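Colleague: Build the 3D model from these lines:
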Amino acid sequence: MVLGFSIALIVFSLLLMLLVLMHKGKGGGLSDMFGGGMQSSVGGSSVAERNLDRITVVVGVLWFACIIVLAMLMKANN
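Modeller: Take a look at the predicted model:
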């Protein structure tokens, strides 16, 4: 059981990193260095950006829940 949640945690961690990196930059900083500073002609966020936000939040909640379950399982094994 612990092994399954550990693997799930690794998968969620990698997916969360990928999703965060897919977001467009919101101003100055490191995102501008890699082309994130270009302004789009469309004002506001698109449907794709809002869906990306929702997916990122869901994966973040699953990542957090996986950490909590792993902590409870490890405590129960001791």
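Colleague: Report the separation between L62 and I55.
Modeller: 11 Å (Cβ to Cβ, to the nearest Å). Bear in mind the C-beta positions are built from the backbone N, C-alpha and C, glycine included.
Colleague: correct me, but S13 touches L62?
Modeller: No: with contact defined as Cβ atoms under 8 Å, S13 does not count as touching L62 (10.7 Å).
Colleague: quick one, helices of this protein?
Modeller: Remark: helices assigned in the chain by DSSP state H are 2-22, 30-33, 47-77.
Colleague: Return the mean pLDDT over the shortest one, rounded to an integer.
Modeller: So the one you mean is helix 30-33. Average pLDDT, helix 30-33: 55.
Colleague: cool, and stretch 9-21?
Modeller: Averaging pLDDT along stretch 9-21 yields 96.
Colleague: what's the neighbour count on V57?
Modeller: Other residues near V57 come to 11 when the count uses other Cβ atoms under 10 Å.
Colleague: any idea how far G4 is from it?
Modeller: Taken as Cβ to Cβ, the span from V57 to G4 is 24 Å.
Colleague: what pLDDT does the residue nearest to L9 when sequence neighbours are not counted get?
Modeller: Nearest residue to L9, sequence neighbours excluded (Cβ to Cβ, 6 or more residues apart in numbering): C66, at 4.7 Å. On pLDDT, C66 comes in at 97.
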